[in-house]
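1. Can you look at this prediction? I've put the sequence above it.
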Amino acid sequence: MYSLKRILEIALSGKHNCMLFGSVDLMPITCEEFFVSCYSPCKCGLLFRRDCTCTDLDIQYTFANIPSRQLNSSDMYVPINDLRQDVDHERINTVHRIQEKRYESNSFKFNGSLSRNGFEKYCRMDLEAQEFIKEAQKIYRCSMVDMDKVFRVSRTIADLDLRETISKFDVAEALGYVSCYIYLKTTTI
Amino acid sequence: MYSDNLVHIWITLLGRPANKIASLLVENYGSLREAYLVKSYTDVTCEIRNNRLLCQRLMDESIKDRAARIYERVLEKGVKITHVFREDYPEDLKNIFDPPFVLYYYGKLPDKNTTLLSVVGSRKCSAYGRKVTYDMCFNIAKHGVGIVSGMAKGIDARAHAGCLDANGYTIAVLGGGPDNIYPLENEVIYYRIKENGLVLSEYPPGTMPLKHHFPARNRIIAGLGKGLLVCEAGKKSGAMITVNFAINEGRDIFSVPGNIDSSYSEGCNSLIKAGACIATSFIDVLEGLNLIEGRKIAGTVGWLNGLDKEEAMVADLIYKGVKIEDICSKTGLDSARVVAITTILEVKGILGRDRHGNLHVVI
């Protein structure tokens, strides 16, 4: 379901911190602005997939060993099982240019460093999306910090489609990238 | 001051069962009001003279004073009253053995068309029980079924919270007066129910929640619902008293299975052994209450209402056990779209995550 190509596209164009879970050994990408790190989520490495046999305690243990700074400051948490694919650099560059234009008057340049007081100004949503996000917050019972991540990522997803207002599907997709983390946090960690 | 309500409160003080006494008085005096005006022994009819206790109480002025005091308190607290002979009295409750003669309540009584489901469980419960109760009640309430419970600690409180979060109709049956919040930790839930649902009690305002009131109010919980859902109950839990009442009244019993080594779920598992319906999802309950037609086509869930074409397609594939990695290739949708659709389905309550974070259809 999750494709690495799409995730890298979002992470590179919005400069989002990103955490990948999978048995594939990927070298972490790090720049000055953001990082993409890769961890094995549990002993067998198959968590979020059907055949994981680890106990709750095993999963707790592995998550306790991930540096909390990295775990909490990522915007996307995605289980991955395919190999790296080439991303469309031209598309990413256009998104970079859009962001530069938008954040001219600000100290930051990319969606990844957008903070809570910028959401009202820059993350405009249509009515359907607003209703959906309210409903989702109830279902997932997620914190405000988790919702910040959703706002940031959905902004980038809308930018990739060259749209100014964020739609329901953008929000839903962004939630899909955070849902693993929200789920783990509320149940096991 | 011979108000209709005052007379009915007075009847409840004469003894139990109040229904029998009321019908006896109506037979002898024509109406309850006539009976209320009886003052001397000469006015008492022959049939009632045989029943010495009733005869004494009928003429006792102190009981009439007590009724007047209760009625004053009712007016003061703004509590509403209904009784068995009125039309707004819940129909299912009227037909049980020993229905409460007078009901004191805040909020609004259920319509004739609303289906009600009683939810019970123990006060001491596990995290599993709390989660399952909340999720089930949330989804059941979304389908327009009202939830009846006892506003106690644990399972009861979660049942009310789930229903209120889904903007559903919920009834709390209390063991004390309707103005008496017990336990106090459920204060927030109490005020929310008072606004959007119904706080109900057979005890007049000001009554303390005494120990022996609770088994008695369990019969009201069992009587109000069309079925009874037992979420998590130990072997000697108070929930099992409610189950016995419900079985005697011929209600359907739904039981949520638990771990076999968990002492919290012993009661539930023994109920299943004895032949109760197994409720592994809210759909089981709705089907048992005849609210939705059965799973129309085996192996698909696309018929669930409120799904568009793409959502139904993805839900069907996950229901069939297709691995999530293969969904993109089977549907021909791109990864971004599939992620979005699964999230929407999760928010709609059709998909859930198991212990290992895997998506599965919650039906």
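-> Structure received. Numbers count the residues shown, from 1 in each chain, chains lettered A, B, ... in the order given.
2. A:Phe108 contacts A:Tyr122, doesn't it?
-> No: here A:Phe108 lies out of contact with A:Tyr122, judged by Cβ atoms under 8 Å, at a distance of 10.9 Å. Placement of C-beta: from N, CA and C, glycine included.
3. For whichever strand or helix holds A:Leu8, which helices and strands make contact with it?
-> Using DSSP states H and E, A:Leu8 sits in helix A:4-14. In terms of contacts (3 or more Cβ pairs under 8 Å, 6 or more residues apart in numbering or on different chains; DSSP states H and E), helix A:4-14 is packed against strand A:18-21, strand A:76-79, helix A:89-102, helix A:144-160, helix B:335-348.
4. Now the phi/psi pair for residue 82, please.
-> Using chain A here. A:Asp82 adopts backbone torsions of phi -100, psi 170, taken as degrees, to the nearest 10.
5. wrong chain, I was asking about chain B
-> Given degrees, to the nearest 10, the pair of backbone angles that B:Thr82 has is phi -140, psi 160.
6. Local confidence estimate at it?
-> For B:Thr82, the pLDDT comes out at 93.
7. Please name the bridge partners of it.
-> Assessed by DSSP bridges, B:Thr82 has beta-bridge partners B:Leu103.
8. cool, and B:Asp252?
-> Under the criterion used (DSSP bridges), B:Asp252 bridges to B:Gly227.
9. any idea of the mean pLDDT in stretch B:181-196?
-> Here the average pLDDT along stretch B:181-196 is 93.
10. ok, residues contacting it?
-> By Cβ atoms under 8 Å, 6 or more residues apart in numbering or on different chains, the surrounding residues in contact with stretch B:181-196 are B:106-107, B:151-153, B:157, B:160-161, B:164, B:167, B:169-172, B:174-176, B:199, B:209.
11. 7 Å instead?
-> B:106-107, B:151, B:153, B:157, B:160-161, B:164, B:170, B:172, B:174-176, B:199, B:209 (Cβ atoms under 7 Å, 6 or more residues apart in numbering or on different chains).
12. What parts of chain A come near chain B?
-> Counting by Cβ under 7 Å from any Cβ of the partner chain, chain A comes close to chain B at A:1-3, A:6, A:47-50, A:52, A:81, A:132, A:135-136, A:138-139, A:169, A:172-173, A:175-176, A:179-180, A:183-184.
13. Tell me the secondary structure at B:Asn186.
-> What DSSP: H, G, I helix; E, B strand; the rest coil gives for B:Asn186 is helix.
14. Could you report the neighbour count for it?
-> Counted with other Cβ atoms under 10 Å in any protein chain shown, residues neighbouring B:Asn186 total 20.
15. B:Ile247 now?
-> With other Cβ under 10 Å as criterion, B:Ile247 counts 16.
16. now A:Arg124
-> For A:Arg124, the count of nearby residues is 14 (other Cβ under 10 Å).
17. shouldn't it be in contact with A:Thr165?
-> Yes: A:Arg124 is within contact range of A:Thr165, at 5.0 Å (criterion: Cβ atoms under 7 Å).
18. in the chain, which residue is closest to the centre?
-> All of this is about chain A. Centroid check for chain A by Cα atoms, centre = their mean gives A:Met76 as the closest residue, at 2.0 Å.
19. that answer is for a different chain, and I need it for chain B
-> B:Val148 (1.5 Å).
20. Run through the residues that contact it.
-> B:Leu116, B:Leu117, B:Ser118, B:Ile171, B:Val173, B:Ile221, B:Leu224, B:Gly225.
21. Please pull out the lowest mean pLDDT helix or strand from chain A.
-> strand A:29-30 (a mean of 68; mean pLDDT, DSSP states H and E).
22. that older thread, looking at A:Phe108 and A:Tyr122, which has the bigger crowd around it?
-> Using other Cβ under 10 Å as the criterion, A:Phe108 and A:Tyr122 rank with A:Tyr122 on top: 17 against 14.
23. returning to that earlier point: turn the helices and strands packed on helix A:4-14 into TSV, columns for distance to B:Lys273 and mean pLDDT.
-> Formatted as TSV, those follow (distance: least, Cβ to Cβ, whole Å; pLDDT from 0 to 100):
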stretch	distance to B:Lys273	mean pLDDT
strand A:18-21	41	86
strand A:76-79	39	89
helix A:89-102	60	91
helix A:144-160	42	93
helix B:335-348	34	90
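24. Now distance to A:Leu114 too, for these, in a markdown table please.
-> Listed next are those as a markdown table, based on distance: least, Cβ to Cβ, whole Å:
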| stretch | distance to A:Leu114 |
| --- | --- |
| strand A:18-21 | 15 |
| strand A:76-79 | 14 |
| helix A:89-102 | 9 |
| helix A:144-160 | 5 |
| helix B:335-348 | 20 |
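25. Which of these sits closest to B:Ser40?
-> Among the helices and strands packed on helix A:4-14, helix B:335-348 comes nearest to B:Ser40, with 69.5 Å by Cβ to Cβ.
26. could you check the angle helix A:4-14 makes with that closest one?
-> Put simply, helix B:335-348 runs at 90 degrees to helix A:4-14, going by axes from the mean of the first three to the mean of the last three Cα atoms, to 10 degrees.
27. and helix B:335-348, what does it pack onto?
-> helix A:127-140, helix A:168-187, helix B:309-319, helix B:327-331 (3 or more Cβ pairs under 7 Å, 6 or more residues apart in numbering or on different chains; DSSP states H and E).
28. Can you add mean pLDDT and mean neighbour count and give those back as TSV?
-> Converted to TSV, those look like this (pLDDT from 0 to 100; neighbours: other Cβ atoms under 10 Å in any protein chain shown):
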stretch	mean pLDDT	mean neighbour count
helix A:127-140	90	15
helix A:168-187	87	23
helix B:309-319	85	18
helix B:327-331	88	16
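29. Near chain A, which residues of the stretch 251-363 of chain B are found?
-> For the stretch 251-363 of chain B, the residues in contact with chain A (Cβ under 7 Å from any Cβ) are B:323-325, B:327-328, B:335-336, B:338-340, B:342-344, B:347, B:353, B:356-358.
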